[in-house]
Each structure stands twice: as structure tokens, then as C-alpha cells.
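Asker: How does the following fold in three dimensions:
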Amino acid sequence: MRKRIRYNQLRYKQDANKTALRQQQLQEQLLAQQERWASFESDMRQLAHPEWEEQEQQQEQAQRWTLYYFLGTIRSPATMPEWLAVCLLKLVFVLLGLALFVGWLSGR
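Answerer: Reported below is the predicted structural model:
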């Protein structure tokens, strides 16, 4: 009886190891296929429309410069647009009023 239980335990362990190994192999195959597909897609895009990649790079650069400009205006309030300063000030007052109201309600 013990031999049978031990045999089943070993067999179960071997099956689990085989399953784990197979799962790892499938994962590696999937990653390799995804890399090949990405490379193929990039090559096809460049062959079909070489200007698209250049346009994508220009758009990314424009987005970066927009972000840098926005962060720069936030860092230096002197260059902040007036409407933005007014909106931020209104937001501060609304939040302050809300905090006071909640404090008043909890004190009742």
C-alpha cells in the first residue's frame, strides 16, 4: 500500500514538473513569436510608408516639448497664463470651503 502511495506521489510530481516545463516552453515560444511579429510589423510599415515612422518621431518630439513647456509654466508662476492662475485660485478656495463645511458638519 505504501509503495503504491509513494509511486503515485512521484508520478504526480513528475507530471507537475512536465507541465511546468511545457508551460515555460510555450511562454518562450509566445515571446519569440511576439518579437518576430513586432519586427515584421515594423519592417512592413517602413517598406509601405517610410514617412510614417518619421511622422511618429515628430509627434513624439512635439508631445515631449508640450509636456516640457507645461511643466515649465507650472514651475515658474510668472509665466503662468492668467486664466490658469485664476482657475487654480478658485479651486483652492472651493476646496478650503469644502473642508470648512465638512469640519462644521462633524462638529455639530
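Asker: what packs against the lowest-mean-pLDDT helix or strand in the chain?
Answerer: Using mean pLDDT, DSSP states H and E, helix 50-75 stands out as the lowest-scoring helix or strand of the chain, at a mean of 74. If you count contacts as 3 or more Cβ pairs under 8 Å, 6 or more residues apart in numbering; DSSP states H and E, helix 50-75 packs onto helix 2-48. Glycine gets a C-beta too; all of them are placed from N, C-alpha and C.
Asker: Taking helix 2-48 as reference, get the angle to the least confident helix or strand of the chain.
Answerer: Helix 50-75 runs at 100 degrees relative to helix 2-48, counting by axes from the mean of the first three to the mean of the last three Cα atoms, to 10 degrees.
Asker: in the next helix-or-strand element following helix 50-75, what's buried?
Answerer: Next in sequence after helix 50-75, counting helices and strands by DSSP states H and E, comes helix 82-107. When neighbours are counted by 16 or more other Cβ atoms under 10 Å, no buried residue of helix 82-107 is found.
Asker: what distance separates helix 82-107 from the centre of its chain?
Answerer: Its chain's average C-alpha position is 32 Å from that of helix 82-107, according to Cα atoms, centre = their mean, to the nearest Å.
Asker: tell me the angle it makes with helix 50-75.
Answerer: Here the directions of helix 82-107 and helix 50-75 differ by 60 degrees (the same axes, to 10 degrees).
Asker: In the protein, where is pLDDT below threshold?
Answerer: Filtered on pLDDT under 70, the chain yields the residue ranges 50, 70-80.
Asker: Repeat the analysis, applying 80 as the threshold.
Answerer: Applying pLDDT under 80 to the chain picks out residues 45-53, 64-82, 108.
Asker: Name the residue most distant from the centre of it?
Answerer: Met1 (54.8 Å; Cα atoms, centre = their mean).
Asker: distance of it from Arg11?
Answerer: Distance from Met1 to Arg11, counting by Cβ to Cβ, to the nearest Å: 16 Å.
Asker: now do Glu54
Answerer: Taking Cβ to Cβ, one finds Glu54 at 60 Å from Arg11.
Asker: Many thanks, I have nothing further to ask.
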